[in-house]
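A.B. asks: mind looking at a prediction? Sequence and model below.
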Amino acid sequence: MCRPTESNDGPVLKDTRSPEEIAAANPWTERDVNWGSCCYQLFIHTAAVVGACAVPSASWATLGWALALLFLSELGITGGVHRLWSHRSYSAALPFRIFLALCAQVANQGSIYHWVRDHRVHHLCSETEADPHNASQGFLFAHIGWLLVKKTPEVIAKGKTIDMSDMLADPVVYLDKILFPWSNLLMCFVVAPSLAVYGWGETWYTAVMVCGFLRYCFGLHHTWCVNSFAHLLGDRPYGPNINPAENFIVSILANGEGWHNYHHAYPYDYSASEHGWTVQYNPTTFVIDAFAFFGMAWNLKKATKQWERRQARNAGGHHHHHHHHHQTSHTKAA
Ligand code: ZN
Ligand code: ZN
């Protein structure tokens, strides 16, 4: 069930329960298990532990490359799949889009197309049974549980209503969809780690286990923290009535994606945060700004003005002219 935007007159039964009450009545632990996905996660997490054991045998260059890959793969998700493709919060030139898609393939979180569809449903139906990682079902479900059970009929039905024509019109997304999952598996576990082998003579075993499996598992959990921690813990200055919250630690882990109360209030803002990277930790915004500086990104959308207008309205029309940060210069710089 996606909450109706307007109540119906007439004899329609309206669900007056809170999202938490609905979730408690339909616990995710009673859903059909997705055994394939369970086996996959068990394998990945076991391999990550084996990868952790290989860390002492890795060279410093290999460990540095693993950290760089962690950053780049998350950038593919945050700057590419999330802010560019899911929300179209800015426009990017073809070389930048290819770069982001390759980074997203290293992150190996499904095809861009499917990630975008699930994420658009998440925003449309936050904290309802149609939300793929409904945080009302609790921390564990929002973090990883949603991948271990089958989707609810509501999630599937809502996913089919999402307009994805803009995604298929982008040849980068289209190609990524056709090549899935082989491109992801190759980029994540072979191509990206291979730099350590050919670059400075690391063994294939250590390169794949540390730069592949261990790094991949950390990247998954960092992204999942946005769905779990940032939907449950933190301040809610932009939308006190929604679950998503401003969470600094998640921003550190997920390249600036923890300013989640603002993001759900204004999903089209390219920074996914009120302020720029000089004020709020946000390396993804820094990278987009850098590409914009070189003309590879433009039309960077900011919601600062809408937020200021709403604050003025909430203050009862008495608009106090105090220290507003005018971040709109970002848009002009493009
Ligand atoms: Zn969210
Ligand atoms: Zn989003």
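C.D. replies: Structure's in. What do you need? Ligands and ions are numbered 1, 2, ... in the order given.
A.B. asks: could you use CA atoms for every contact and neighbour count after this?
C.D. replies: Will do.
A.B. asks: name the residues that touch the longest helix seen in the chain?
C.D. replies: The helix of greatest length in the chain, counted in residues with DSSP state H as the criterion, is given as helix 35-54. Helix 35-54 is contacted from outside by Leu147, Leu148, Val149, Thr206, Met209, Val210, Phe213, Leu214, Arg215, Cys217, using Cα atoms under 8 Å, 6 or more residues apart in numbering.
A.B. asks: 6 Å - rerun?
C.D. replies: If you take Cα atoms under 6 Å, 6 or more residues apart in numbering as the criterion, helix 35-54 is touched by Leu148, Met209, Val210, Phe213, Leu214.
A.B. asks: show me the strands in the chain, by range?
C.D. replies: 91-92, 297-298 (DSSP state E).
A.B. asks: in the stretch 51-200 of the chain, which spans are helices?
C.D. replies: Defined through DSSP state H, counting those that start in this stretch, the helices belonging to the stretch 51-200 of the chain, from first to last, are 60-75, 94-107, 112-124, 139-140, 146-148, 153-161, 165-168, 171-179, 182-186, 192-200.
A.B. asks: figure out which of the ones you listed is closest to Gly256.
C.D. replies: Comparing the helices of the stretch 51-200 of the chain by their distance to Gly256 (Cα to Cα), the top pick is helix 60-75, with 9.7 Å.
A.B. asks: now that closest one against helix 94-107, angle please.
C.D. replies: What separates the directions of helix 60-75 and helix 94-107 is an angle of 110 degrees, with axes from the mean of the first three to the mean of the last three Cα atoms, to 10 degrees.
A.B. asks: please tell me I have it right and Asn247 contacts His260.
C.D. replies: No: assessed by Cα atoms under 6 Å, Asn247 is found out of contact with His260, at 7.2 Å.
A.B. asks: picking that back up, let me know the closest of the contacts of helix 35-54 to Asn241.
C.D. replies: Nearest to Asn241 among the contacts of helix 35-54, counting by Cα to Cα, is Leu148 at 28.9 Å.
A.B. asks: all good on my end, thank you.
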